[in-house]
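Enquirer: What would the 3D arrangement of this be:
(chains A and B)
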Amino acid sequence: MKTRSYLALEDISVTFPTPKGPFTALQQVDLSIDKGEFVALIGHSGCGKSTLLNVISGLTKASRGVVFLDGEVIDSPGPDRAVIFQDHSLLPWLTVEENVRLAVDQTHRGSRAERRDWVRHNLELVHMGHALAKRPAELSGGMKQRVGIARAIAMNPRVLLMDEPFGALDALTRASLQDAVMEIQAKLRNTVVMITHDVDEAVLLADRVVMMTNGPAATIGEDLRVALPRPRNRIEVAETHDYNHARAEVLHFLHQRFSNPVDLAA
Amino acid sequence: MAALPETAMVSTAKAVANDSRSAEAEGGGDGAVLLTLPTSPPAAAEARPKEQPVRRSSPVLGMLYRAAAATLPTVVVIGLLLIVWQFACGAPGSSLPAPTKIWADSREVILHPLKGVTFNGLKPSVESGDVGIAVHILTSLRRVAIGFGLAAIAGIGLGVLIGQSRLAYRALDPLFQVLRTVPPLAWLPISLAVFQQAQPSSIFLIFITAIWPVILNTAAGVQAIPPTYRNVAKVLALNPFQYFTKIMLPATVPHMFTGLRIGVGMSWLAIVAAEMVQGGTGIGFFIWDSYNSSLLSDTIVALIWIGLVGFALDRIVGWIGRRVARQA
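Expert: Predicted coordinates for the structure are as follows:
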């Protein structure tokens, strides 16, 4: 019996039925992720990144292949794989605290007071302790996503899945959220899979950048290890050779070997 | 917002109709609009010459001022209508009584709505026979309460069912679409034949009239739950009961209350028609009875009562909807 990584995707293919016949989104994806590793998935729009993330979360079923997490087969969604959605997906009728509490009540037994403290602790981690009683509509986009992060990490997940978490934010807000994620990651050492479009984000945050080929029938094109020491500071790393090298590699992959299919068509 | 009920109501009513999610955003907008209000319309200030010039620093005067600005146009229009009516129907022998004639004819009805009711402490006892108009209204309201209550429960249940299950939707929606177009009075013969008595058959009539908008709006609300909320529920592994109470219900409340609000209005339409045909008690009977006794003035008084009560019902359901949407 071979030894598997903490999170192992083996021979994953996903085919969707469409009126024009079956559409193969992913073909034969193999990916192994170690415990505590931060992996960024990057690729052009429509390359099946989100599908791959949904297979790990269990929201989409693979047509072929198996996902193993800590030796167990994954086939349905569950709170051990917390998802941070791009649109944050906070429930608008609940306050910030209640949104996180909903997740904590599902994942933690403890007493009422313990659960409340855990909710507050996690909101403090993302610097949202001041907004417990606010509703999502009263928060800025960046603050909402901070709450989304708090909700996910409060679940103590075995894997943290981030679906383009900062895609909808402006560049400055995105930078401060990235710093928040690095800060939290330094403390918690979660196993993270993050989808992104942003080359700098991928290289700055991740231990590994997994690049996907263009769909249909997308698969993993290249798997790049980012050997930058942590903690990373965005200004300092920008001047290092390793950072620029990794960045160039990803850019080369995205814009030369697998340039945007829409651009090619045009 | 507490000091500014009128505008707050408009904005949240909109929110209830569309989506509770926008409530806070709408509320934010209100503040900006209201800040500019006190400085703008000079017309309303002239209309109340006895008032001191409005001092922006006094919240009480500000409230009076806004209340006047909100109600004055309506009062003026009602006054004009009464004057036109008086001139149009004031001639002797006019087929429609003028306002002054209504007052002369129906003073008893207007001034003693609770005729026939004696209060024994707080417990009212109602005589049978010739009773005041408010007693008829209360009889009708009791029927509406039962019929509409049943329609709300069954309607929300069926709405959730067809909103949630595609199979149930395919099976039942065509049926509902056909049945909802049947006018309330068309049900009356069947209802009378089945129930044989006035009370249950008029309650059934309310039920069958009010249930369709509740079903259809609830179903639309359930179908409109954003897929991301379902994903949140799946990731959190909420069980079906938790999904119902924590996600579906709060997400659907605004739609539900749109349906309930339409439903309560339609029940009120149906009860009057039903009672007119069935006789006995209720405001519909009162109208029919006064028409048969050639008391057209009484009929007009009853009409005004019906309108005001219908308006109140609509506002009450709308108000509950906003309260629930805010707390859910």
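Enquirer: in chain B, which segments are predicted with low confidence?
Expert: Applying pLDDT under 70 to chain B flags residues B:1-57, B:120-124, B:127-129, B:327-328.
Enquirer: Name the residues of chain A found near chain B, please.
Expert: Within reach of chain B by C-beta under 8 Å from any C-beta of the partner chain, chain A has these residues: A:57-59, A:77-79, A:81-83, A:85, A:87, A:89, A:91-93, A:102-103, A:106, A:135, A:137-138, A:155. (C-beta placed from N, C-alpha, C; glycine too.)
Enquirer: So which of the residues you listed sit within strands?
Expert: A:Arg81, A:Ala82, A:Val83 (DSSP state E).
Enquirer: need these in TSV with neighbour count, can you?
Expert: Output for these, formatted as TSV (neighbours: other C-beta atoms under 10 Å in any protein chain shown):
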residue	neighbour count
A:Arg81	25
A:Ala82	26
A:Val83	32
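Enquirer: and of the residues you listed, the nearest to chain B?
Expert: Nearest to chain B among those is A:Val83, at 5.1 Å by C-beta to the nearest C-beta.
Enquirer: and of the ones in strands among the residues of chain A next to chain B, the nearest to B:Asp298?
Expert: Using C-beta to C-beta, A:Val83 is the member of those that lies nearest B:Asp298, at 66.4 Å.
Enquirer: Distance of that closest one relative to A:Ala133?
Expert: Between A:Val83 and A:Ala133 the computed distance is 25 Å (C-beta to C-beta, to the nearest Å).
Enquirer: again with B:Gln164
Expert: From B:Gln164 to A:Ala133 the distance is 32 Å (C-beta to C-beta).
Enquirer: Who has more neighbours out of those two?
Expert: The neighbour comparison of B:Gln164 against A:Ala133 (other C-beta atoms under 10 Å in any protein chain shown) goes to B:Gln164, with 17 against 10.
Enquirer: so the more buried one sits right up against B:Gly221, yeah?
Expert: No. Using C-beta atoms under 8 Å, B:Gln164 is not in contact with B:Gly221, being 11.0 Å away.
Enquirer: Whatever residue of the stretch 51-200 of chain B ends up closest to chain A - how many residues pack around it?
Expert: Chain A sits closest to B:Arg166 of the stretch 51-200 of chain B, with a gap of 16.2 Å, by C-beta to the nearest C-beta. As a burial measure, B:Arg166 scores 10 neighbours (other C-beta under 10 Å).
Enquirer: can you check B:Ala171 too?
Expert: By the criterion of other C-beta under 10 Å, B:Ala171 has 12 neighbours.
Enquirer: Repeat that for the one 3 residues further on.
Expert: Neighbours of B:Pro174 under the rule other C-beta under 10 Å: 10.
Enquirer: would you list every one of the helices in chain B?
Expert: Under the criterion DSSP state H, chain B contains helices at B:5-18, B:23-36, B:42-47, B:59-89, B:99-111, B:133-164, B:166-179, B:184-195, B:198-223, B:227-235, B:240-242, B:249-278, B:283-292, B:296-327.
Enquirer: follow-up on the earlier one: pull up the gap between the residue of the stretch 51-200 of chain B closest to chain A and B:Leu82, please.
Expert: Taken as C-beta to C-beta, the span from B:Arg166 to B:Leu82 is 55 Å.
Enquirer: Next: B:Val75.
Expert: 11 Å.
Enquirer: returning to that earlier point: give me the buried subset of the residues of chain A next to chain B.
Expert: A:57-59, A:77-79, A:81-83, A:85, A:87, A:89, A:91-93, A:102-103, A:106, A:135, A:137-138, A:155 (16 or more other C-beta atoms under 10 Å in any protein chain shown).
Enquirer: In helices only, show me those residues.
Expert: A:Ser57, A:Leu102, A:Ala103, A:Gln106.
Enquirer: Would you format the residues you listed as a markdown table with pLDDT included?
Expert: Formatted as a markdown table, those follow (pLDDT from 0 to 100):
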| residue | pLDDT |
| --- | --- |
| A:Ser57 | 94 |
| A:Leu102 | 94 |
| A:Ala103 | 95 |
| A:Gln106 | 92 |
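Enquirer: For those, work out which two are farthest apart.
Expert: It's A:Ser57 and A:Leu102 that sit farthest apart of these, by C-beta to C-beta, at 17.5 Å.
Enquirer: What residue spans form the domains of chain B?
Expert: B:5-85, B:133-327 (automatic domain parsing).
Enquirer: Next, the contact list for B:Gly310, please.
Expert: B:Gly265, B:Trp268 (C-beta atoms under 8 Å, 6 or more residues apart in numbering or on different chains).
Enquirer: Could you report the distance from it to A:Ser5?
Expert: Relative to A:Ser5, and taking C-beta to C-beta, B:Gly310 is found at 68 Å.
Enquirer: for A:Ala168, same thing?
Expert: 32 Å.
Enquirer: what does A:His121 give?
Expert: Taking C-beta to C-beta as the measure, A:His121 falls 30 Å from A:Ser5.
Enquirer: Compare these two (neighbour count), which wins?
Expert: Neighbour count, other C-beta under 10 Å: between A:His121 and A:Ser5, A:Ser5 has more, with 16 against 12.
Enquirer: Next one: that one, what pLDDT does it get?
Expert: Here, the pLDDT recorded for A:Ser5 equals 91.
Enquirer: Hmm, it is touching A:Val39, no?
Expert: No. Counting by C-beta under 8 Å, A:Ser5 does not reach A:Val39; the two are 11.0 Å apart.
Enquirer: residues touching the one residue in the stretch 151-266 of chain A that gets nearest to chain B, list them.
Expert: Sorted by distance to chain B under C-beta to the nearest C-beta, the residues of the stretch 151-266 of chain A start with A:Met155, at 7.9 Å. Residues near A:Met155 by C-beta under 8 Å, 6+ apart: A:Pro79, A:Asp80, A:Ala82, A:Ala103, A:Val104, A:Gln106, A:Thr107, B:Leu236.
Enquirer: what's the spacing between stretch A:206-216 and its chain's center?
Expert: Relative to the centre of its chain, stretch A:206-216 is centred 13 Å away, using C-alpha atoms, centre = their mean, to the nearest Å.
Enquirer: try stretch B:87-102
Expert: Using C-alpha atoms, centre = their mean, the offset of stretch B:87-102 from its chain centre is 31 Å.
Enquirer: Name the residues that touch it?
Expert: Counting by C-beta under 8 Å, 6+ apart, residues outside stretch B:87-102 touching it are B:Leu82, B:Trp85, B:Gln86, B:Asp105, B:Leu296, B:Ser297, B:Ile300, B:Val301.
Enquirer: Quick one: buried ones out of those?
Expert: Among the contacts of stretch B:87-102, those classed as buried by 16+ other C-beta under 10 Å are B:Trp85, B:Asp105, B:Leu296, B:Ser297, B:Ile300, B:Val301.
Enquirer: which non-adjacent residue is nearest the second one?
Expert: Pointing back at B:Asp105 there. B:Ser297 (3.6 Å; C-beta to C-beta, 6 or more residues apart in numbering or on different chains).
Enquirer: check contacts around the one you found.
Expert: Contacts of B:Ser297 (C-beta under 8 Å, 6+ apart): B:Pro97, B:Lys101, B:Ile102, B:Ala104, B:Asp105, B:Ser106, B:Val109.
Enquirer: Rebuild these as a markdown table, extending it with distance to B:Thr258.
Expert: Formatted as a markdown table, the contacts of B:Ser297 follow (distance: C-beta to C-beta, whole Å):
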| residue | distance to B:Thr258 |
| --- | --- |
| B:Pro97 | 38 |
| B:Lys101 | 41 |
| B:Ile102 | 36 |
| B:Ala104 | 43 |
| B:Asp105 | 41 |
| B:Ser106 | 37 |
| B:Val109 | 36 |
